[in-house]
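Engineer: Pasting the sequence and the predicted model now:
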There are 2 protein chains.
Amino acid sequence: MSRRTRSGSSLPGIPEATIARLPLYLRALYALADRDVASVSSEELAAAAGVNSAKLRKDLSHLGSYGTRGVGYDVDYLIYQVSRELGLTQDWPVVIVGAGNLGRALANYGGFATRGFRVAAMLDCDPAVVGSVIAGHRVRSAEDIEQVVAESKAMIGAITVPAPAAQGICDRLVAAGVTSILNFAPLVLNVPDGVDVRKVDLSIELQILAFHAQRRSFVQVLHTERDAAGRNGQAGRPGRSLALNGDGPVSAKAVSS
Amino acid sequence: MSRRTRSGSSLPGIPEATIARLPLYLRALYALADRDVASVSSEELAAAAGVNSAKLRKDLSHLGSYGTRGVGYDVDYLIYQVSRELGLTQDWPVVIVGAGNLGRALANYGGFATRGFRVAAMLDCDPAVVGSVIAGHRVRSAEDIEQVVAESKAMIGAITVPAPAAQGICDRLVAAGVTSILNFAPLVLNVPDGVDVRKVDLSIELQILAFHAQRRSFVQVLHTERDAAGRNGQAGRPGRSLALNGDGPVSAKAVSS
DNA sequence: CCGACTTTGTGCAAACGTTCACAAGGGCGT
DNA sequence: ACGCCCTTGTGAACGTTTGCACAAAGTCGG
């Protein structure tokens, strides 16, 4: 519930997976435009965006037929169409709560101002930080959330405060009228229906990397082992055994299995 | 090619979607453990992680049968099993290249050291920053990438440099032996097969939020419009006209269709 | 004006992911 | 020891996403 409302209303209905890739295409398109490339084929654009060309064509076909057969896509025209679909032809004021390193990084982020987003205000709880100027914005007190949101008419809020404070800030943002939240705090936010939350979590990405790295190492170990006559036993589960105590070092219950 | 190697080797094969959620479960489990909860049902854990309980059970079943029917899961035991599956029972030194705000945020990130990851070194190109101390690490010169990677035996590298410098840094990290890369720079990195890249992109998340926000506004405007018969002029939050030129203001070719 | 060539847009099938619904299985009270 | 109740683990249905392969449609040289 509440999460990923999806097709709450049907409308045209562009697949979520496509939406998630449009920004990627957009970036590749801007890079092409910067190099004064006027036209691009699906093959080239797909390569630049790091996806399959059939996928790219299907994605773009959801927005309409903006290509020319035998030729490709007009870069500027496609930039406009994709931008419009994403809602980037309008201005989005964003309120950033939390002026720590992450908040600052966000405020200073290049691709921010350039593509329809604008830092409307920065807020922080720490009185030592309130009043200082970051990326051209005087940091305001988190006490004033409601007022700042009302003033700036921001619909988007970014939360870059420590985890324990995040839910409280979130509630106040929502109460003040924010309907889209970008959450950097490592916890699951509770929001009412109709509010959209997206998460950016450094730790999660690292853990996924670790999983693959571990798997890679393990395969390598298997190879080495096999080459060296070792029994591998345990063809089944990967991580298992292979070294460390094959079972949990922990707590009750571990006995069974 | 190169991207998301996926089942380069088959092995048992835990679905990628499941892997991506395990860190979420792990975090919820740690939160429970902190509150001295000993046992948890799939329903409760799913709620804490913000997912469907059937999904959670299926995910966990991929790692083995670690629950007890009629009771639930032992929190500590499950923490151990999930950690092991993710490879977090070992120590992962991470090299951070780029000591700007993002690099600092990463280095100071709480959930970093606590869960198997360790900042092995910070590097930067800027001579003014090299030598300073951030989060207890003396920043080293990016010239020394190869040496630093060799010294620390890091397999994971985080790239928090500006986009133009990212590919070069990436190449050097890979050449030095790094096989997992967490990329914060807004571009698609090219890496050889066998190297895993994950991306964290603030801008993309914002754009996805904007899309949904736009859609929401649009639906709302439609409603208001119908109810009030008149031109929208500022219905609800969105200031925008929404009507704007239905076609591109841009460049050649727009003529046709 | 025509025919060869190129590249888009899309029908279709397979892979993948999610959700339901329920049988299997374990604890607990009696 | 038995049976009730609870929750896991999973088969099966469903929806979404991917990728192939090709027809449709446009350009360009002659």
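Structural biologist: Looks like it arrived, so ask away. Everything numeric here is computed off the predicted structure, so don't read it as measured data. Numbering: from 1, shown residues only, chains lettered A, B, ... in the order given.

Engineer: where does the residue nearest to A:S152 when sequence neighbours are not counted sit relative to chain B, distance-wise?
Structural biologist: Counting by Cβ to Cβ, 6 or more residues apart in numbering or on different chains, the nearest residue to A:S152 once its immediate chain neighbours are dropped is A:A120, at 3.6 Å. The C-beta positions use only the backbone N, C-alpha and C, and glycine is treated the same way. For A:A120, the distance to chain B equals 13 Å [Cβ to the nearest Cβ, to the nearest Å].

Engineer: buried stuff in the strand or helix carrying A:A120?
Structural biologist: Per DSSP states H and E: A:A120 is located in strand A:117-124. Neighbour counts using 16 or more other Cβ atoms under 10 Å in any protein chain shown place A:F117, A:V119, A:A120, A:A121, A:M122, A:L123, A:D124 of strand A:117-124 among the buried residues.

Engineer: Now tabulate these in CSV and tack on distance to DNA strand D and pLDDT.
Structural biologist: Below are those laid out as CSV (distance: Cβ to the nearest atom of the strand, whole Å; pLDDT from 0 to 100):
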residue, distance to DNA strand D, pLDDT
A:F117, 24, 95
A:V119, 31, 96
A:A120, 31, 96
A:A121, 34, 97
A:M122, 34, 98
A:L123, 34, 98
A:D124, 37, 98
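
Engineer: ok, of those residues, which one's closest to chain B?
Structural biologist: A:F117 (5.7 Å; Cβ to the nearest Cβ).

Engineer: Leaving out the residues flanking it, which one is nearest to the closest one?
Structural biologist: A:W92 (5.0 Å).

Engineer: Show the pLDDT at the one you found.
Structural biologist: Per-residue pLDDT puts A:W92 at 96.

Engineer: Can you get me a residue count around it?
Structural biologist: For A:W92, the neighbour count with other Cβ atoms under 10 Å in any protein chain shown is 22.

Engineer: Contact partners for it?
Structural biologist: A:G116, A:F117, A:R118, A:M155, A:I156, B:L206, B:A210, B:A213 (Cβ atoms under 8 Å, 6 or more residues apart in numbering or on different chains).

Engineer: List the beta-bridge partners for the third one.
Structural biologist: When you say that, I think you mean A:R118. A:P93 (DSSP bridges).

Engineer: Who are the contact partners of it?
Structural biologist: Contacts for A:R118 (Cβ under 8 Å, 6+ apart) come out as A:D91, A:W92, A:P93, A:V94, A:F112.

Engineer: between those residues, which is nearest DNA strand D?
Structural biologist: A:W92 (23.8 Å; Cβ to the nearest atom of the strand).

Engineer: Do you have the strands of the stretch 101-250 of chain A handy? List them.
Structural biologist: With DSSP state E, counting those that start in this stretch, the ranges of strands along the stretch 101-250 of chain A come out as A:117-124, A:133-134, A:137-138, A:140-141, A:156-159, A:180-183, A:196-199.

Engineer: Surely A:G177 and A:A150 touch.
Structural biologist: Yes. Here A:G177 reaches A:A150: they are 7.2 Å apart, a contact under Cβ atoms under 8 Å.

Engineer: Looking at these two, which is more packed in?
Structural biologist: Applying other Cβ under 10 Å to A:G177 and A:A150 shows that A:G177 carries more neighbours, namely 15 against 12.

Engineer: For that one, which non-adjacent residue is closest in space?
Structural biologist: Spatial nearest neighbour of A:G177, chain neighbours left out: A:V149 (5.8 Å); criterion: Cβ to Cβ, 6+ apart.

Engineer: Was I right to think that neighbour contacts A:A175?
Structural biologist: No. Here A:V149 does not reach A:A175: they are 9.1 Å apart, not a contact under Cβ under 8 Å.

Engineer: between the two, who's got more neighbours?
Structural biologist: Shown here are A:V149 and A:A175; by other Cβ under 10 Å, A:V149 has more neighbours (25 against 12).

Engineer: how far away is the more buried one from A:A176?
Structural biologist: Distance from A:V149 to A:A176, counting by Cβ to Cβ, to the nearest Å: 4 Å.

Engineer: mind listing what the residue nearest to A:S152 touches?
Structural biologist: Going by Cβ under 8 Å, 6+ apart, A:A120 touches A:P93, A:V94, A:V95, A:V148, A:S152, A:A154.
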